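**Q** below is the sequence, then the predicted model.
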Amino acid sequence: MQQIIIKNDDYNGPSQVTREEWLHVLLDEDFMSLNYKFFLITFFSEPEYKADFEYLAKRYNLSKQSLSGYISQFNMKVKKRFSKLQNVDTSSLWLIAMKGSENGEWQLRDELVGAMQELDYINASAIKIDSIGHLVGLINQDVSGLKKDFLFARKELTGNQRITNSKLLFKYDSEDREWAINEGAGTEVQYHIYLSDNKIGYGLGFNTLYVRFKEEKTPIEYIKPFMDAFIALRDSEEITKLAKRGFTLNTDEYGFQNPVKDEHYLFGRIMELDYEQKLSLLNYYSIINDLKGDLFEAYKNVFKLANKSIMNEQVSTSNAQPPITNPLLQEISELLLANKNLILTGAPGTGKTYLAKALAKAWDAEHKLIQFHPSYDYTDFVEGLRPIQNEEGEVSFELRDGSFKKFCKEALKYQNNQQLSNFDEVYQRFIDEISENTLELATPSQESPFSVIVNSRDNITAVLSSETQRQITLTKSLIQTYFETGKSLNWKPYLIPVCQYIEENYDLQMANTDDKNKKFVLILDEINRAEISKVLGELFFSIDPGYRGESGRVTTQYANLQTKEDVFKNGFYIPDNVYIIGTMNDIDRSVESFDFAMRRRFAWKEIKAEDRLSMWEGQIDEWAEEAKQRLINLNSAIESVQGLSDAYHVGPAYFLKLANYNGDFDKLWTYHLQSLLFEYLRGYPDADEQLASLKSAYDNTYDSVGYNDSHD
């Protein structure tokens with residue numbers, strides 16, 4: 001609770017707002033939001049109009065931060081309304097409307113209580129519910145961030161590629177019915193709400209109604225896995241909490257487990273309206289807080305368990321590595337498993353990068369492709385200092401991880417079960433929300449209020465009201481590190497409330513780490529194009545397959561600049577679930593930079609042109625036979641040129657371009673093959689004649705005997 005630093009006798013000091021002034025405040029509908037009314041009524045409903053706000057937060061199923069925020073915002077707004085209150089400092093803000101006590105309880109001011117009594121404020125603040133459409137409209141307006149969280153959660157749970165209308169939680173577009181379900185819902189567990197016989201019912205709906213465009217199964221077959229999942233979770237923490245608050249099934253368990261068609265089954269709670277069709281504000285907020293709290297967790301848990309059941313029923317292989325039937329891919333797989341590091345070499349156009357990606361897919365591995373080039377260096381790959389600009393426009397340097405170190409951190413998080421699957425998405429929604437509305441929070445121990453805003457670099461800034469608007473920057477990486485490791489080196493009093501708010505208001509999810517053998521494949525395309533020693537630095541040692549894991553720790557060049565929460569602070573190493581595939585063309589003139597020490601750390605597999613003709617299947621079937629003959633003839637002719645070899649073969653990938661030219665082999669030669677072969681022959685005294693002979697072979701008129709004698 002907020003600690004107010006004042007003298008003991010000031011807790012019960014005289015009110016500076018009169019009863020008449022409170023009447024004007026309470027009657028001002030533009031001033032009194034539902035949040036403010038709710039906060040006042042929670043205290044007004046307690047004996048002697050006082051309570052410990054931690055007790056109130058628990059009773060009404062909302063976070064302490066939310067209730068504390070309502071109290072602070074209300075008092076701040078009242079302060080701004082009256083000029084005589086301008087000298088009230090932040091630490092005494094709550095004393096405008098309340099009195100405090102040393103035992104932690106807070107009490108509404110007598111003058112405020114009198115005004116509320118005169119107005120019969122509980123009844124006056126009750127909400128008249130005209131229809132289910134009216135109720136749904138109010139809820140959609142007041143559930144704030146839940147709408148996006150719910151729809152993003154549903155998107156992931158259903159496997160959809162996009163979310164539905166993020167401005168709605170409940171969708172109601174039919175005046176001939178008394179119920180509504182969540183936006184986008186179909187043949188699944190739903191948020192369900194109804195208004196019938198002056199009663200509101202809401203909770204988890206399991207409906208067996210016909211759904212258009214869903215003809216594969218009956219409605220009961222679609223919903224049954226969700227009903228079974230609910231039964232399996234009856235003793236879970238979230239559902240037990242809901243049951244204690246009055247949530248029950250609208251049928252007995254036998255009826256629920258044996259559903260019939262065209263019925264609504266509800267695990268929910270019922271609230272009665274009064275004779276004027278009014279709903280008390282406390283009951284209304286109880287609905288809101290249930291929807292945002294344990295009911296949301298129960299919804300996700302039921303959905304997740306049902307998904308597993310459905311996958312098992314369909315004998316899904318989405319989580320299992322299917323057998324590799326392609327002999328070449330199987331050989332590559334075995335080589336990489338045995339050696340951790342592999343180079344795929346061969347002529348241009350043999351599909352080496354494609355094979356690397358195909359293997360990562362066959363392994364169901366996380367993978368990343370990095371294109372090496374001559375200017376690529378250690379700071380790009382491992383770590384280095386990068387220029388940054390602060391809010392004042394001043395430029396400084398900051399240590400940033402390179403692409404390889406980031407990749408290794410992701411692999412290590414997965415091994416340690418610390419991998420967040422949707423942090424970027426959640427963080428973006430969070431900053432979008434607070435960009436529109438400033439967030440008010442308080443520190444955990446001292447309850448010092450502070451505001452949260454977004455700065456120009458999309459980082460979070462905590463603005464401390466008690467220290468003349470001092471600002472503290474909480475970076476995205478600082479927030480992510482806290483979620484993934486629980487460590488907070490800087491600004492802990494401000495970081496923790498921000499993270500708690502994100503955790504309570506957004507569906508932050510850990511990655512599925514059931515498969516502890518999950519592999520991470522790094523593809524270094526054209527690995528020989530960069531100067532390897534300049535890129536790897538001291539990682540020359542740890543990249544050796546015999547030194548994977550912590551036994552291969554090395555101290556990096558910038559170790560003294562790393563923060564304590566960096567997982568590699570005590571030395572960098574490559575996790576043993578990381579595999580590296582490099583691709584290279586042997587004929588590339590930069591191949592010589594790949595020294596023998598580095599070659600020893602990789603297994604090598606040559607990919608030959610004739611091994612990769614399968615890539616044509618389904619692509620150039622109409623011209624495949626002719627393409628095969630031309631490719632064989634051309635490559636045979638290339639080998640016959642003195643100084644060239646099978647390393648200079650033309651790969652079958654070039655022939656995929658026939659699809660662009662409707663099978664025109666002349667255009668393929670003119671626009672693609674001719675320039676490549678000319679580079680092969682550059683410096684030959686008879687290059688033009690040699691190129692003409694290769695063209696003749698390509699055109700299937702090659703005379704092998706005559707050609708072999710043409711170049712000594």
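**A** Arrived safely.

**Q** mind listing what the residue nearest to Asn198 when sequence neighbours are not counted touches?
**A** Nearest non-adjacent residue to Asn198, counting by Cβ to Cβ, 6 or more residues apart in numbering: Leu273, 4.8 Å away. In this view, the C-beta of every residue, glycine as well, is placed from N, C-alpha and C. Leu273 makes contacts with Ile129, Asn198, Lys199, Ile200, Leu279, as judged by Cβ atoms under 8 Å, 6 or more residues apart in numbering.

**Q** what do you get for Phe170?
**A** Applying Cβ under 8 Å, 6+ apart to Phe170 gives the contacts Val136, Ile139, Asn140, Ala180, Ile181, Asn182, Glu183, Tyr191, Ile193.

**Q** what do you get if the cut-off is 7 Å, keeping everything else the same?
**A** Residues counted as contacts of Phe170 (Cβ atoms under 7 Å, 6 or more residues apart in numbering) are Val136, Ile139, Asn140, Ala180, Asn182, Glu183, Tyr191, Ile193.

**Q** so which of those wins on neighbours?
**A** Using other Cβ atoms under 10 Å as the neighbour test, the contacts of Phe170 are led by Ala180, with 28 neighbours.

**Q** closest to Asn528 out of the contacts of Phe170?
**A** Glu183 (53.0 Å; Cβ to Cβ).

**Q** these two touch, right, that closest one and Asp173?
**A** No - using Cβ atoms under 7 Å, Glu183 is not in contact with Asp173, being 10.4 Å away.

**Q** follow-up on the earlier one: from the contacts of Phe170, which is closest to Ser448?
**A** Comparing the contacts of Phe170 against Ser448 with Cβ to Cβ places Ile139 closest, at 33.2 Å.

**Q** which ones are touching that closest one?
**A** Contact partners of Ile139, counting by Cβ under 7 Å, 6+ apart, are Leu169, Phe170, Ile288.

**Q** dump the residues you listed into a markdown table; add distance to Tyr494, pLDDT and secondary structure as well.
**A** Converted to a markdown table, the contacts of Ile139 look like this (distance: Cβ to Cβ, whole Å; pLDDT from 0 to 100; DSSP: H, G, I helix; E, B strand; the rest coil):
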| residue | distance to Tyr494 | pLDDT | secondary structure |
| --- | --- | --- | --- |
| Leu169 | 30 | 89 | coil |
| Phe170 | 35 | 90 | strand |
| Ile288 | 27 | 92 | helix |
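
**Q** let me know the closest of those to Tyr60.
**A** Nearest to Tyr60 among these, with distances taken as Cβ to Cβ, is Ile288, at 9.9 Å.

**Q** so how far is Asn289 from the nearest residue to that closest one once chain neighbours are set aside?
**A** Using Cβ to Cβ, 6+ apart and skipping residues adjacent in sequence, the residue nearest Ile288 is Asp142, 5.5 Å away. As defined by Cβ to Cβ, to the nearest Å, Asp142 lies at a distance of 10 Å from Asn289.

**Q** what of Arg177?
**A** 26 Å.

**Q** the two: who's more crowded?
**A** Asn289 (20 against 11).

**Q** any buried residues in whichever strand or helix holds Cys408, and which?
**A** Assessed by DSSP states H and E, Cys408 sits inside helix 403-415. For helix 403-415, a neighbour-count test (16 or more other Cβ atoms under 10 Å) marks Phe404, Lys405, Phe407, Cys408, Lys409, Glu410, Ala411, Leu412, Lys413, Tyr414, Gln415 as buried.

**Q** any idea which element Ile181 lies in?
**A** Using DSSP H and E, Ile181 falls in strand 179-182.

**Q** now do that strand: everything it contacts.
**A** By Cβ under 7 Å, 6+ apart, strand 179-182 touches 132, 136, 150, 169-172, 190-194, 205, 264.

**Q** element containing Leu56, please.
**A** Here Leu56 sits within helix 53-59, counting by DSSP H and E.

**Q** buried residues, that helix. List them.
**A** Using 16+ other Cβ under 10 Å as the test for burial, helix 53-59 gives Phe53, Leu56, Ala57.

**Q** what comes into contact with it?
**A** Met1, Thr42, Ser63, Lys64, Leu67, Ser68, Trp106.

**Q** equivalent analysis for stretch 371-383, please.
**A** With Cβ under 7 Å, 6+ apart as the criterion, stretch 371-383 contacts 384, 399-405, 524-527, 529-530, 534-535, 537, 539, 556, 558.

**Q** can you get me a residue count around the residue nearest to Ala659 when sequence neighbours are not counted?
**A** Closest residue to Ala659 apart from its sequence neighbours, by Cβ to Cβ, 6+ apart: Ile620 at 5.6 Å. By other Cβ under 10 Å, the residues close to Ile620 number 18.

**Q** verify the contact between Ile620 and Leu658 for me.
**A** Yes - using Cβ under 7 Å, Ile620 is in contact with Leu658, at 4.9 Å.

**Q** so for stretch 40-53, mean pLDDT?
**A** Stretch 40-53 shows a mean pLDDT of 90.
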